[in-house]
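Peer 1: How does the following fold in three dimensions:
(chains A and B)
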Amino acid sequence: MPSYLLKRLLTMGITLIGVSLLVFMMLHLIPGDPVRYILGDFATPESIAELESRLGLDKPLPMQYLHYMAGVIQGDLGTSYVTGYAVMEEIANRFPITAQLAVYSILFGSVFGILIGIIAAMKQNTILDQLVMVISLIGISAPSFWIALFLILLFAYHLGFFPISGYKGFYSLILPSITLGLGTAGNIARMTRSSMLEVIKQDYIRTAQAKGANLYRLIFQHSLQNAMIPVTTLIGLQFGALMAGAVVTETVFALPGMGSLIVSAIATRDIPTVQGLILFMAFLFIVVNLLVDLIYTKLDPRIRYE
Amino acid sequence: MKKRTRHWLVPALVLSLLFSACTPASQENPEPGNELSKGEIVVAVVSEPDSLDVHKTSSIGEATEHLYATLFERSENGEIVPGLVKDYQVADGGKEITFNLKENAVFHSGKPINAEAVKKSFERFLEKSPFKTNAGSISNIEVLGEYSFKVTWSEPYAPFFSNATSAYLAPLDVSTLDEQGEGFDKNASAGGQLQLTEVKRGDSVVYKPFEKADWGAKGTPGFSKVTFRFIPDDETRILEFKKGSVNVLLDVPFQYIEELEKEPGVELERVSDYVMNYLGWNNKLPIFQDVRVRHAIALAVDREPIIQTALRGAAKPVFGPLPDVVNGHNPAIEEKARKKYAQDKEKAKQLLAEAGWKETNGEGIVMKDGKPFSVEMWVQNEPVMQRVAQILQHQLREVGIDVRITVKESAAIIEQTPKGGHQMILWSYGWFDADILYFLLFGKGKSTRLHYEVDELDAMLQKGRIEMDPDARYKIYEEAQDFLVEQSPWVPLFVRESVTATRGLKNFKKHPISNRIIWDDVEVVE
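Peer 2: Prediction:
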């Protein structure tokens, strides 16, 4: 296990370098000049040159990249061109909200998705099964802004159960978490259903059934654990989709998280902020998937990492 | 089962509790109802300012500007009147101006706004601000007394007074900044009616009324707190307002105006904006160098359907170079342009034909030397402007000009237009002074969008910058605008109507020129 972990940490480092290089190149290739944005209509050739020099944008791109990475290694993700805040400070301010949103969404998506997935599997080819499949399809295919507005209208505006927007503690994250978690729930439900269907056809399930095991025991003790491996993989991969979904969800719900920050940073060509946020999100994604791989060993003791 | 569930549920819950503990939630409105606290005004705005420090930004909005008291102000009929400056004397043909400050003004920190403080703020402004070119070529600032200072320019700069009505040139309290002269957002002190109490990045900026500022007839503020909340999504903003958790809704989207008009207890305040929306093009391209072609484009445009369809009537047509709230606007020029460029498709076709552009292939597109009149129009990714572009596309097609619309991010347009990478563009400009014709539109080396640089025009606009006599200056800009109407290097289209919805407030008013909220007499109705 330790050598496996070491190997994974090494590949994590290489992946992050790759991500940073890719993001750096993309940000410098897309049209839009941060200096002209900052100076706005008052830009003069002199002020453009002065600001470029101050921000280090007059240096060759490889130099800029190396300078940036030297900072990253020391834990410095740079300073926002537009707001003047340290990117680490911005992430520290906004990460807790996005993290809560991601955790609640995963919780909602997993619990709800697994539950309806089990129901669909146990009631295969019935109306209930069809209904679950339709719900999961809606969850996957409906755009998150549409779901968000629907939930806001019904539960916040008309019924007044939740605030419409803004961050005001746990209450204010319920609707965004459902919005974000519905797609995850849909995917997990479909995966759980097919995994469960596969597992319940196995001989040992028939044996357990013959021995008189009750339904609860049959599902949760004998079937679900084995069906969970592909579902766990999916949960790990969904984390990436959640990060992307947070961009829209945080904007609609006016949540001050990393998603809404990245939207404004891209619009203003705030290169250090975009780079820092994407690098941080990539780091989280890799860590979550490493944890998922480690969870496999708990779910199936036959899995060993050497 | 219980044990296994704990494997992943428990860490997830612990994690979320941990993150939740790291996040400061609102102390006052923890419940879902979103009720406002007593005396509180919540203003919904679309976007967060880059910085509250005016020396570090090129864009100032409602969430920033009330923090500052300006050197001069604009009266409701557009005259420049004293702000922090009590009076001033101009010497050496405008190269030297001695300013005398009012003696009772103080910063939020309690320190006096005196000559020394203003000088320090000016020095920081000249060092850091992207706006610094709009203070003129200042060569020296000298403190003459406790409340008197002299500014020397290397050449006279007439737009200074107009520009000094903006918060860009307003003094801030440098003494509260850290050793590097930074940290304004964390310890903001200026002289405006609103005093900063809290910044929640990405969420809101909270102010309280500054008791020592000038207030209206009653002499005291009629509210206890102002929160500017940043809500980027139109629908969410509208719902917050309709539910009552926001009581000032700035820039109501056009499609909601009618709905809000019917809403009980809602009042709508309409102010004409100073930002001109125009159809422009790269005048350096050979296709646009024939004045007959430019006239033809101007004659092809009908502003009414644009305003009625794309903007639901919430805009005003403009034909001349400057909207009516801008210093230098000339009603006679506007009238002349209105008559000259009222839509006339037949005349437009005739002018195109005279310029050699004729419809020869039966497809409705005019051709010259075997090439069709086909151009690309860049428009930013804003739905309203995209609708405007579609209407213009149709109108130009009717006179034989083929327009292909390309939607681009504004950052891309800002970068690429100075390089002349565009053909046509739907864009806007806005400033309170006619000097904008020089520094943004037609000055030598400044014409970054229209690329129209003509010696005769440049000379007039340069003269307008240094002419200190207001009447003579007005005359110069009359000539310059007349030249522009004749040459038509772009087509002015409209200024939007800025609509603000309010609820539960008394005496709410917006400045008819600057479009700023006038806080003087605003009262919260409990």
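Peer 1: Cross-check the contact I'm expecting between residue B:254 and residue B:383.
Peer 2: No. The pair residue B:254 / residue B:383 is not scored as a contact, 10.0 Å apart, by CB atoms under 8 Å. (C-beta placed from N, C-alpha, C; glycine too.)
Peer 1: Those two - which one has more neighbours?
Peer 2: A count of neighbours by other CB atoms under 10 Å in any protein chain shown puts residue B:254 above the other of residue B:254 and residue B:383, at 17 against 12.
Peer 1: residues contacting that one?
Peer 2: Residues near residue B:254 by CB atoms under 8 Å, 6 or more residues apart in numbering or on different chains: B:311-312, B:314, B:384, B:499.
Peer 1: Make TSV from these and add neighbour count and pLDDT to it.
Peer 2: As requested, those are exported to TSV (neighbours: other CB atoms under 10 Å in any protein chain shown; pLDDT from 0 to 100):
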residue	neighbour count	pLDDT
B:311	19	92
B:312	16	89
B:314	21	91
B:384	17	92
B:499	21	94
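Peer 1: what about residue B:77, how many neighbours?
Peer 2: Residue B:77 has 8 nearby residues by other CB under 10 Å.
Peer 1: If I look at it, what pLDDT would I see?
Peer 2: Looking at residue B:77, its pLDDT is 86.
Peer 1: Residue A:6 versus that one, what's the distance?
Peer 2: 75 Å (CB to CB, to the nearest Å).
Peer 1: How about residue A:83?
Peer 2: 39 Å.
Peer 1: So which residues on the stretch 351-500 of chain B come close to chain A?
Peer 2: For the stretch 351-500 of chain B, the residues in contact with chain A (CB under 8 Å from any CB of the partner chain) are B:408-412, B:414-416, B:418, B:429, B:431, B:439-440, B:445-446, B:448.
Peer 1: how much distance is there from whichever strand or helix holds residue B:492 to the middle of the chain?
Peer 2: Assigned by DSSP states H and E, residue B:492 belongs to strand B:491-503. Distance, stretch centre to chain centre, for strand B:491-503: 12 Å (CA atoms, centre = their mean, to the nearest Å).
Peer 1: Now do that strand: which elements does it pack against?
Peer 2: The contact analysis (3 or more CB pairs under 8 Å, 6 or more residues apart in numbering or on different chains; DSSP states H and E) places strand B:491-503 against strand B:248-249, helix B:254-262, strand B:266-281, strand B:315-317.
Peer 1: mind putting those in TSV, mean pLDDT included?
Peer 2: TSV is the format used below for the helices and strands packed on strand B:491-503 (pLDDT from 0 to 100):
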stretch	mean pLDDT
strand B:248-249	96
helix B:254-262	91
strand B:266-281	94
strand B:315-317	96
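Peer 1: Among those, show me which one is buried the most.
Peer 2: Of all those, strand B:248-249 carries the top mean neighbour count, a mean of 26, counting by mean count of other CB atoms under 10 Å in any protein chain shown.
Peer 1: Is residue B:515 within a helix or a strand, and which one?
Peer 2: Using DSSP H and E, no helix or strand contains residue B:515.
Peer 1: what's it in contact with, if anything?
Peer 2: Per CB under 8 Å, 6+ apart, neighbours of residue B:515: B:271, B:273-274, B:498.
Peer 1: Can you check the pLDDT for it?
Peer 2: For residue B:515, the model assigns a pLDDT of 90.
Peer 1: go on, residue B:30?
Peer 2: With respect to pLDDT, residue B:30 has a value of 44.
Peer 1: just to revisit the earlier point, save the helices and strands packed on strand B:491-503 as JSON lines, and put in distance to residue B:511 too.
Peer 2: Formatted as JSON lines, the helices and strands packed on strand B:491-503 follow (distance: least, CB to CB, whole Å):
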{"stretch": "strand B:248-249", "distance to residue B:511": "14"}
{"stretch": "helix B:254-262", "distance to residue B:511": "20"}
{"stretch": "strand B:266-281", "distance to residue B:511": "7"}
{"stretch": "strand B:315-317", "distance to residue B:511": "17"}
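Peer 1: Select, out of the ones you listed, the one closest to residue A:269.
Peer 2: strand B:266-281 (22.0 Å; CB to CB).
Peer 1: Return the list of helices and strands in contact with the longest helix along chain A.
Peer 2: In chain A, with assignment by DSSP state H, the single longest helix is helix A:87-122. If you count contacts as 3+ CB pairs under 8 Å, 6+ apart, helix A:87-122 packs onto helix A:127-141, helix A:171-199, helix A:224-252, helix A:258-267, helix A:271-299, helix B:2-22.
Peer 1: What residues of it count as buried?
Peer 2: Going by neighbour count (16 or more other CB atoms under 10 Å in any protein chain shown), the buried part of helix A:87-122 is A:87, A:90-91, A:93-110, A:112-114, A:116-122.
Peer 1: how about low-confidence regions in chain B?
Peer 2: For chain B, the stretches flagged by pLDDT under 70 are B:1-35.
Peer 1: burial measure for the residue of the stretch 101-250 of chain A found nearest chain B, as a count.
Peer 2: Chain B sits closest to residue A:169 of the stretch 101-250 of chain A, with a gap of 3.7 Å, by CB to the nearest CB. Counted with other CB under 10 Å, the neighbours of residue A:169 add up to 18.
Peer 1: All set now, cheers.
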